[in-house]
Each structure stands twice: as C-alpha cells, then as structure tokens.
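Asks: Sequence and computational prediction follow.
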Amino acid sequence: MIFNLFYPAVLGTFFVSLLPSLFESFRRGIDLSASFDWKLLTALLIVAHFVVDYVFTEEVRLYKAGMFTLDLLVIILLYIAYSSVHLNDGGEFQVKSIALSMSGVYFSFLAWEYLERKEIGKQPAMTAYEAFFAVWFLIVGFLWQGPVVLGLSLLAATALMIIICGNVLRDYHARLHGPSGVDS
C-alpha cells in the first residue's frame with residue numbers, strides 16, 4: 001500500500017502543484033535573489049528528497065511491518081515541509097516549519113536504517129549523514145531561519161542523499177546478486 005498508493009499519490013500531487021510555478025519561473029527567468037525562487041528551489045528539493053527516498057525504500061527487498069509506520073511518518077513530514085513553502089497560495093514561506101519537518105524526516109531515516117540494518121548492513125556514512133542533517137535542520141529551524149540557509153542546506157542534503165543512497169543500493173544489490181549477477 002505504501003508503494004502503490006501513498007508515495008505515488010503524494011509525489012504526484014507535489015509534482016503537479018510545482019508545474020505552474022516552474023513554468024512561470026522559466027518564463028520570466030530565474031532570480032535566486034527573489035523570495036519566490038527560493039520557495040521554488042525549496043519545493044523542488046523537497047520533491048527530490050521524496051523521489052530518492054521512494055526509490056531507496058522500494059529497492060530494499062525486506063519490508064517489515066514497522067517500516068510502514070516510519071514511511072508514513074516520512075510522507076506526512078515531507079507533506080508538512082512542502083505545504084509550508086506556500087508555493088502557489090502566496091502564504092508566508094515558513095522556514096521553521098520546513099526545517100523542523102526535515103529534521104523529523106532525518107530522525108525517521110535514522111530509525112528506518114536501524115530497523116533495516118540486517119537487510120542493508122551497517123552503513124556508517126549513511127548514519128553520520130542522517131544524524132548530521134537531523135541535528136542541522138533542528139539548528140536551522142530554531143536558530144538560523146533564513147530561506148537561503150534552508151535552501152542551501154536542502155541542496156547539500158539532497159546531493160549527499162543521492163550519492164550515499166546510490167552507494168548503499170549498489171552494495172546491497174551486489175550482495176544480493178553475488179559476483180555472477182544472479183540472485184543468491
């Protein structure tokens with residue numbers, strides 16, 4: 001249900017809601033000094049987080065019952081972060097809400113990784129990355145609530161997420177398929 005319903009439904013909703021703002025931004029030209037474009041960048045990076053999380057979660061073969069609750073929590077937190085951007089409704093860009101939601105996402109990632117340790121193995125780089133951004137987004141949420149800091153933090157977190165999750169999945173699939181490339 002999480003892969004066939006919740007992730008695609010929420011991700012599709014995010015993507016469709018991005019389209020008018022994305023087209024408008026390209027039409028007039030992107031200006032990162034404008035608050036609207038920081039909103040757009042933030043929304044895009046939240047969607048990128050969502051996509052990478054979806055792919056990573058779906059690729060892991062062993063899915064325990066407790067994982068559903070964690071994945072649902074991540075979806076809810078990403079929804080809160082995304083809706084706090086107020087991309088299309090003209091509302092105030094809520095840096096604190098976005099940062100604290102992202103902190104919750106990273107704390108959830110830590111719990112998810114711990115519960116999947118038997119399946120994916122011990123991942124010190126992933127653990128360090130998740131712990132750092134869980135704490136970093138808390139700091140941004142409570143002490144350093146600037147849209148530029150938030151946007152750059154999301155950019156760094158997303159880039160590292162792609163690299164680290166890619167490496168973990170590469171190792172995971174190599175263990176599953178063995179040296180011959182056939183399922184072991």
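Replies: Looks like it arrived, so ask away.

Asks: gap between the residue most central in space within the chain and S108?
Replies: The centre of the chain sits closest to H49, judged by CA atoms, centre = their mean, with a distance of 2.5 Å. From H49 over to S108 the distance is 12 Å, taken as CB to CB, to the nearest Å. To be clear about C-beta, it is placed using only N, CA and C from the backbone, and glycine gets the same treatment.

Asks: swap in I98?
Replies: Look at I98 and S108: by CB to CB, they are 15 Å apart.

Asks: For K122, which three-state class applies?
Replies: coil (DSSP: H, G, I helix; E, B strand; the rest coil).

Asks: what's the longest helix in this protein?
Replies: In the chain, assigned by DSSP state H, the helix with the most residues is helix 147-177.

Asks: quick check: mean pLDDT across that helix?
Replies: What helix 147-177 shows for mean pLDDT is 89.

Asks: Can you get me the centre-to-centre distance for stretch 91-106 and its chain?
Replies: The chain centroid and the centroid of stretch 91-106 are separated by 12 Å under CA atoms, centre = their mean, to the nearest Å.

Asks: And that stretch, what's buried?
Replies: 93-95, 97-106 (16 or more other CB atoms under 10 Å).

Asks: Stretch 111-118 now?
Replies: Under 16+ other CB under 10 Å, the buried positions of stretch 111-118 are 111-113, 116.
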